[in-house]
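Predicted model and sequence below, questions to follow.
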Amino acid sequence: MEDVAAENQHQLRRLVWSIQSSYGRLNLLVAICDNWKYRDEIIATYEAELEGKGARCDRLRLDPQQPSLKRSLQEHLEQVPELATYPAAMVTVLGADELLGLRLNQDKSALEQFLFSLQWTRESLRGFQLPLVLWLTPRIAAALANQAPDFWSWRGGVFEFSQPMAWAFAPERRQSQTLEQHQEQTIAPADPAALQRQIDDLLAQDPDSPLLASLYHSLGTALKDHVRYAEAEVAYGQALQRREQQLGADHPDVATSLNNLAGLYDSMGRYGEAEPLYERSLAIDEQVYGPDHPAVATSLNNLAGLYKSMGRYGEAEPLYLRALAIQAKTLPENHPYNKIGYNNFKTLVQAALEAGQADQLSDHPITQTLINSQATLPDE
């Protein structure tokens, strides 16, 4: 574990140095990680460090319908033209790991379209004079090297991050109670003592390190998994406080911390304390991502789940319905979160029926279909 952590830290330092040394010119940096939760923490860490030194760090996500790196960059620069003249700017590119390999009645799958669009793009990308960090999974990186060798050949560096053991057990943003239960059944909890030792070591070396917020988050999750709720509350509170101080009150990582602390209060039955945190997390996501982003759907699901636990079925219903509508627009049809979101809504209708409170629900077609079938539609 120590060797993995040391190597990851080495790769992170290389990546930060490569970004800083290429401001104002195109530099393609390929980062590889097979765990999206750990990947997001790495991104948050280098963005916090770079922004602390005056850099601008943007993110963009590839469009699964038109998965072109060039097109995505062009559209992003059209939306934020000041990025092109900012003296120290970089862009993190996400979404390649979400491209489906299935063709779905198309000549090429989304992944094949993406790889095809990259080959022979060296000159067409010259207009983007800033470092790009393209995040891939190991499988997609191997396909890229094989199917777009020209693109691969002019990369400025490859940075591989291996998932530390603790990160296998750190679910950011619970998507639903069903998903949490599945994770608890298949994954053993992390060791809080080991995480605390990492925190103590880092506090001694660099008490203002941005990584501490992530470690406190992981510690809170581990303590919660061990049903040590009082200690988990302290750890999650430390993560939230540090993220607010280092990133600002409206940063998406602050929304994540709010969400996880609210989830802890929800588990403890402290609904009154959870509600304003979930509401604030939702407001941040809407401000940062816009009203129709999957992150907003997650926050809507979480707040709706709290209202369901409180018996406030009429308030939960429109949130669940809005989340379903967002997911239908932004996720592939067979994405697992679509099924999870539908099952969440189904359990709301069942709970309202069992409590004799179906009169709280609306006449929305999905609601009425479930009521009329006595909430026995299949999960598929």
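That came through, no problem.

Near the closest residue to Glu244 other than its chain neighbours, how many other residues are there?
Excluding the flanking residues, the one nearest Glu244 by CB to CB, 6 or more residues apart in numbering is Val254, at 5.6 Å. No exception for glycine: its C-beta is placed from N, CA and C like everyone else's. Neighbour count of Val254, defined by other CB atoms under 10 Å: 25.

what do you get for Thr137?
17.

Let me see the contact set for it.
Residues in contact with Thr137 (CB atoms under 8 Å, 6 or more residues apart in numbering) are Ile32, Cys33, Asp34, Ala96, Asp97.

ditto for His293
Counted by CB under 8 Å, 6+ apart, His293 has contacts Asp285, Ile326, Thr330.

need those in a markdown table with secondary structure, can you?
What follows is those, written out as a markdown table (DSSP: H, G, I helix; E, B strand; the rest coil):
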| residue | secondary structure |
| --- | --- |
| Asp285 | helix |
| Ile326 | helix |
| Thr330 | helix |
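
Same list (the residues you listed) but as TSV, adding pLDDT.
Below are the contacts of His293 laid out as TSV (pLDDT from 0 to 100):
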residue	pLDDT
Asp285	90
Ile326	89
Thr330	80
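
thinking again about what came up before, name the element the residue nearest to Glu244 belongs to?
helix 252-267 (DSSP states H and E).

Give me the contact list for that helix.
By CB under 8 Å, 6+ apart, helix 252-267 touches 44, 172-174, 213, 217, 220-221, 224, 229, 232-233, 236-237, 239-240, 243-244, 247-248, 271, 273-275, 277-278, 280-281, 284-285, 288-289, 295, 298-299, 302, 305-306, 309.

Kindly report the same for stretch 14-32.
Counting by CB under 8 Å, 6+ apart, residues outside stretch 14-32 touching it are 39, 42, 46, 49-50, 53, 55, 87-90, 125-126, 128-138, 141, 144, 151, 154-161.

Buried among these? Make that a ChimeraX selection.
Remark: buried members of these, expressed as a ChimeraX selection using 16 or more other CB atoms under 10 Å:
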select :39,42,46,49,50,55,88,89,90,125,128,130,131,132,133,134,135,136,137,141,144,151,156,157,158,159,161
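
Can you list which of the contacts of stretch 14-32 are found in strands?
Members of the contacts of stretch 14-32 lying in strands (criterion: DSSP state E): Ala89, Met90, Pro131, Leu132, Val133, Leu134, Trp135, Leu136, Gly157, Val158, Phe159, Glu160.

Just send those residues back as CSV, with distance to Leu83 too.
Shown next, in CSV, are those (distance: CB to CB, whole Å):
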residue, distance to Leu83
Ala89, 5
Met90, 10
Pro131, 12
Leu132, 12
Val133, 15
Leu134, 17
Trp135, 19
Leu136, 23
Gly157, 22
Val158, 25
Phe159, 23
Glu160, 28
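
In those, find the pair that's most separated.
Ala89 and Glu160 (24.8 Å; CB to CB).

before we move on, back to that, for the residue nearest to Glu244, give me the pLDDT.
On pLDDT, Val254 comes in at 90.

how close does it get to Gly248?
7 Å (CB to CB, to the nearest Å).

what's the answer for Met268, then?
28 Å.

quick one, helices of the stretch 151-300 of the chain?
177-186, 192-205, 211-225, 229-247, 252-267, 271-289, 294-309 (DSSP state H, counting those that start in this stretch).

my guess is Asp58 is in a strand, correct?
Yes - counting by three-state DSSP, one finds Asp58 located in a strand.

Neighbours of it, how many?
17.

repeat for the one 5 residues further on
Other residues near Asp63 come to 15 when the count uses other CB under 10 Å.

What residues sit buried inside stretch 138-150?
Ile140, Ala141, Ala143, Leu144, Gln147, Ala148.

What strand or helix carries the closest residue to Ser162 other than its chain neighbours?
Distances taken as CB to CB, 6+ apart put Val4 closest to Ser162, at 5.2 Å, once the chain neighbours are dropped. Following DSSP H and E, one finds Val4 within helix 2-20.

Distance from the chain centre to the very next helix or strand once past that helix, please.
Note on helix 2-20: by DSSP H and E, the next helix or strand toward the C-terminus is strand 27-32. Taking CA atoms, centre = their mean, to the nearest Å, one finds the center of strand 27-32 at 19 Å from the center of the full chain.

do the same with stretch 335-349
19 Å.

any idea of the mean pLDDT for it?
Computed over stretch 335-349, the mean pLDDT rounds to 80.

Since that was my last question, I'll sign off now.
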